[in-house]
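Colleague: What follows is a predicted protein model with its sequence.
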Amino acid sequence: MNDFSKFPDPTYKEAVLAPLFEGVKRHHWRNLVAVNEAHGVMLGERDWLSPAQLGAILAAQRAVLAETDIGALTYTGEHEDFFFLLESALRGKLGPDLAGRLHTGRSRNDIDHTIFRMSLREHLLAILAQLEALIAVLLERAAAGAETLVVAYTHGQPAQPTTWGHYLGALIEILLRDAGRLLHALATVDCCALGAAAITTSGFKLDRERVAELLGFSAVQENSYGCIATADYIAETYASLKVMLLGLGRFIQDLNSWTGFETGHLRVPDAFVQISSIMPQKRNPVPVEHMRLLASLAAGQAEAVLTALHNTPFTDMNDSEGTVQEAGYEAFATTGRVLTLLAAFMRAVTIDEARVRRHIDEACVTITEVADSLVRREGISFRQAHEIASILARDMIAHGHSLATIDMTVFEAAFIHAIGRPPGIDEASFREIGTARHFVAVRDMLGGPAPSALAASLGRYRARLADIVAQAAAYRDRVARATVQRGRLVHAAITAIDGT
C-alpha cells in the first residue's frame, strides 16, 4: 500500500524535485551563494546582524562549500531543494537561531527571481560577445567585398547586381538591431528583485539598493509584486533571441541557395565540405545545413519559454521558474553554436566572380539601369524607357545575348518604336550603361552599393558596434567590480571574528 503521509512522494521526487535540484547544481548554486553573501553583508550594515554574527554566518557558508562536492550531490528528498539543503548545512554549523537569521526579510521567491536574473544576465552578456564577434567578421568581409559583384534576388529570381559588401551590410544592420534588442532585454533583466520577499516586501527596514549594488545590478525593480509576478524580463529576453534567430535563418538559407550547383555563387573551401560515402564527385557544404538546423532549433527552444509563460496567472508561479529557465539556457547554448560557426564560415567562403558575371549577363539583371539611364540621358519618361528595356530583354533572352553582345540595331529599333525618333546615345555609352560596374557605381545615395556609399555605411556600422561593445563591457565591469567588492567585505567580516 502506498504511503502518502510523507513528503516527497517518490514519483513527485523523480519527476520534479530531483531534476530541479540538478538544474540548480548546473546553473544556479553559485548565484545563491552570492545572494547569501550580499544579503548578509546588508543585514550587518543595517544592524540586523552583529559583526560577530555576520562573520560566523559567512565563515560557515564558506566552510560548507569547501567541504561539499556540489557536482557529486544526489537529490535524496531529505530537503525540499538546494536552498533548504544549504540552510540545513548552516544550521548544522551554527545552530538554528544564528543560521536562521540570514533569512531575515527575504523569501525563496525574491531569491529565485534574483538568481534567475543573474543567470540570464550572464547568458545575455555571453551571447552578446559572440554576436559582437560575428558582426566584426562581417564588417571585415563587407569591406573586402565592397567591389565584388553578386546577384541580388527577389522572389527567388535574379533581380539586380549589387556587391558582396552591400549584401552583407544588410545582415550587419539587422544584427546590430538584434544587439540593440538584446541590450534592451539586458537592461530589463539587470534589475534586482531582492527585498520583495514573498511578494509585498517585509516590515524589516532593509536596503534593497545596497544588495543590488553588491550583486552588480544596475537598478532595483521597484514594485515588489512585480518582482515576483511579472515575467516580462524572461519574455523580452527570449523574444529578442528568437527575432535574431529568424533573421539569421533567412540569411543562412540564402547561403544554402548560393552554394547549390545551379547557382554556385558562393565557393566553400574544403575545410567546410563533407564528402559522400558513395558519390565521389560530391562536395557537400553541410555546415550550412547545420547552421540552418541549429537556428531553427534555437528559435524553437526560445519559443518554448514564451509558450510556457502564455496564459499564466499574474502572481508567483512555477511556470517562470527553474524548469523553464533551464529550457531557456538551452536556447542560448544552441544560439552560441550558430554564431560561432557562422563567423568561422564567413571568414572562409569567397564569391565565384566568374560565375556571377556569367549569370549577370545571362539574366540581364542590369537592364533596370539601362532604363534609368535612358530617362536621364534621353529625357523620356520611365514608363517609355521601361518599354524599350523590356523589348531588349525579350530579344536577349530569345537569342542568348547580353547587353554587351546584343546588336545595336535592336536597341535603335526599340527606341524608335517607343519614342518615334532615333536615340541620341551612342554605342559606347549604351554598352557602358549596361555593365554591372556602372549599375553599382551610380547607386551612390545613402544606403546604396556604390563604393563611397557603402564605405560611409560601414563606418557608421563600426561606430554602432563600438557603442554596443562599450555598453556590454559596462555591464561586465559592474558585475566584476561588485564581485570584488563583495569578496572583500566577506573576507573582512570573516577575518574580524578570526582576529587575523
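Modeller: Cool, got the structure.

Colleague: what about residue 14, neighbour count?
Modeller: By other C-beta atoms under 10 Å, the residues close to residue 14 number 13. Just so you know, the C-beta spots here come from the backbone N, C-alpha and C atoms, and that holds for glycine as well.

Colleague: can you offset everything so residue one is 34?
Modeller: Let's use 34 as the start, then, which means that last one is residue 47.

Colleague: how much space between it and residue 260?
Modeller: 32 Å (C-beta to C-beta, to the nearest Å).

Colleague: Show me what stretch 357-371 is in contact with.
Modeller: With contact meaning C-beta atoms under 8 Å, 6 or more residues apart in numbering, stretch 357-371 is reached by 56, 59-60, 149, 152-153, 156, 159-160, 163, 267, 270-271, 274, 277-278, 281, 324, 327-328, 330-331, 334-335, 337-338, 341-342.

Colleague: Which ones among these lie within helices?
Modeller: Using DSSP state H, the subset of these located in helices is 56, 149, 152-153, 156, 159-160, 163, 267, 270-271, 274, 277-278, 281, 324, 327-328, 330-331, 334-335, 337-338, 341-342.

Colleague: Any of those residues buried? List them.
Modeller: 56, 149, 152-153, 156, 160, 163, 267, 270-271, 274, 277-278, 281, 324, 327-328, 330-331, 334-335, 338, 341-342 (16 or more other C-beta atoms under 10 Å).

Colleague: got the contact list for stretch 464-475?
Modeller: 180, 182, 193-196, 199, 390, 393, 398-403, 405-406, 435-437, 458, 482-484.

Colleague: give me the element residue 186 is part of.
Modeller: strand 182-187 (DSSP states H and E).

Colleague: Need the contact partners of that strand.
Modeller: 191-197, 200, 290, 298, 384, 386, 389-390, 392-393, 396, 398, 469-470, 473.

Colleague: mean confidence score for that strand?
Modeller: Here strand 182-187 scores 94 as its mean pLDDT.

Colleague: just stretch 453-465 next, same as before
Modeller: 93.

Colleague: if we can go back for a sec, I'd like to know which of the contacts of strand 182-187 are buried.
Modeller: Judged by 16+ other C-beta under 10 Å, buried ones among these: 191, 193-197, 200, 298, 384, 389, 392-393, 396, 398, 469, 473.

Colleague: chain center to stretch 186-200, what's the gap?
Modeller: 26 Å (C-alpha atoms, centre = their mean, to the nearest Å).

Colleague: for the chain, what's the longest helix?
Modeller: The chain, longest helix under DSSP H: helix 484-531.

Colleague: And that one, what does it pack against?
Modeller: helix 62-78, helix 84-100, helix 141-177, helix 197-222, helix 241-247 (3 or more C-beta pairs under 8 Å, 6 or more residues apart in numbering; DSSP states H and E).

Colleague: Which among these is found nearest to residue 319?
Modeller: Smallest distance to residue 319 across these (C-beta to C-beta): 19.9 Å, for helix 141-177.

Colleague: Now do the closest one, average pLDDT.
Modeller: 97.

Colleague: who are the neighbours of that helix, in terms of helices and strands?
Modeller: helix 62-78, helix 197-222, strand 224-225, helix 257-262, helix 265-292, helix 355-381, helix 484-531.

Colleague: I figured residue 192 hits residue 398, correct?
Modeller: Yes: if you go by C-beta atoms under 8 Å, residue 192 and residue 398 touch, sitting 6.3 Å apart.

Colleague: In terms of residue numbering, what are the domains of this structure?
Modeller: 43-137, 142-386+487-515, 400-467 (automatic domain parsing).

Colleague: now these in JSON lines, with distance to residue 522?
Modeller: Below are those laid out as JSON lines (distance: least, C-beta to C-beta, whole Å):
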{"stretch": "domain 43-137", "distance to residue 522": "5"}
{"stretch": "domain 142-386+487-515", "distance to residue 522": "8"}
{"stretch": "domain 400-467", "distance to residue 522": "68"}
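
Colleague: Which of these has the lowest mean pLDDT?
Modeller: domain 400-467 (a mean of 91).

Colleague: Would you mind giving the helices and strands packed on helix 484-531 as TSV with distance to residue 531 added?
Modeller: As requested, those are exported to TSV (distance: least, C-beta to C-beta, whole Å):
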stretch	distance to residue 531
helix 62-78	16
helix 84-100	8
helix 141-177	28
helix 197-222	37
helix 241-247	22
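
Colleague: nearest to residue 411, of these?
Modeller: Residue 411 lies closest to helix 197-222 among those, at 28.1 Å (C-beta to C-beta).

Colleague: And the closest one, what's buried?
Modeller: By neighbour count on 16+ other C-beta under 10 Å, the buried set for helix 197-222 is 197-209, 211-212, 214-216, 218-222.

Colleague: Repeat that for stretch 41-61.
Modeller: Residues 41, 46, 50-51, 53-58, 60-61 are the ones in stretch 41-61 that count as buried (16+ other C-beta under 10 Å).

Colleague: Kindly report the same for stretch 351-371.
Modeller: 353-355, 357-362, 364-365, 367-371.

Colleague: Stretch 117-134 too?
Modeller: Residues of stretch 117-134 classed as buried by neighbour count (16+ other C-beta under 10 Å): 118-120, 122-123, 126-127, 131-132, 134.

Colleague: What lies in contact with that stretch?
Modeller: With C-beta under 8 Å, 6+ apart as the criterion, stretch 117-134 contacts 65, 69, 76, 81-82, 86, 89-90, 93-94, 96-97, 101, 106, 111-112, 135-136.

Colleague: could you turn that stretch into PDB, dropping everything but the C-alphas?
Modeller: Extracted as PDB, the C-alpha positions of stretch 117-134 are listed here (Å, rounded to 0.1, in the frame of the first residue of the first chain):
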ATOM      1  CA  PHE A 117      17.000  24.100   2.200                       C
ATOM      2  CA  LEU A 118      19.900  21.800   1.900                       C
ATOM      3  CA  LEU A 119      22.300  24.700   2.300                       C
ATOM      4  CA  GLU A 120      20.300  26.200   5.100                       C
ATOM      5  CA  SER A 121      20.400  22.900   6.900                       C
ATOM      6  CA  ALA A 122      24.100  22.700   6.500                       C
ATOM      7  CA  LEU A 123      24.500  26.100   8.000                       C
ATOM      8  CA  ARG A 124      22.200  25.100  10.900                       C
ATOM      9  CA  GLY A 125      24.500  22.200  11.500                       C
ATOM     10  CA  LYS A 126      27.400  24.500  12.000                       C
ATOM     11  CA  LEU A 127      25.700  27.500  13.600                       C
ATOM     12  CA  GLY A 128      22.600  26.200  15.300                       C
ATOM     13  CA  PRO A 129      19.000  27.100  14.200                       C
ATOM     14  CA  ASP A 130      19.000  30.600  15.800                       C
ATOM     15  CA  LEU A 131      22.100  32.100  14.100                       C
ATOM     16  CA  ALA A 132      21.700  30.200  10.800                       C
ATOM     17  CA  GLY A 133      18.000  31.300  10.600                       C
ATOM     18  CA  ARG A 134      18.900  35.000  10.900                       C
END
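
Colleague: Now residue 95. Nearest residue, chain neighbours left out?
Modeller: Nearest residue to residue 95, sequence neighbours excluded (C-beta to C-beta, 6 or more residues apart in numbering): residue 527, at 6.9 Å.

Colleague: circling back to that earlier point, and the contacts of stretch 117-134, which of them are buried?
Modeller: 65, 69, 76, 81-82, 86, 89-90, 93-94, 97, 112, 135-136.
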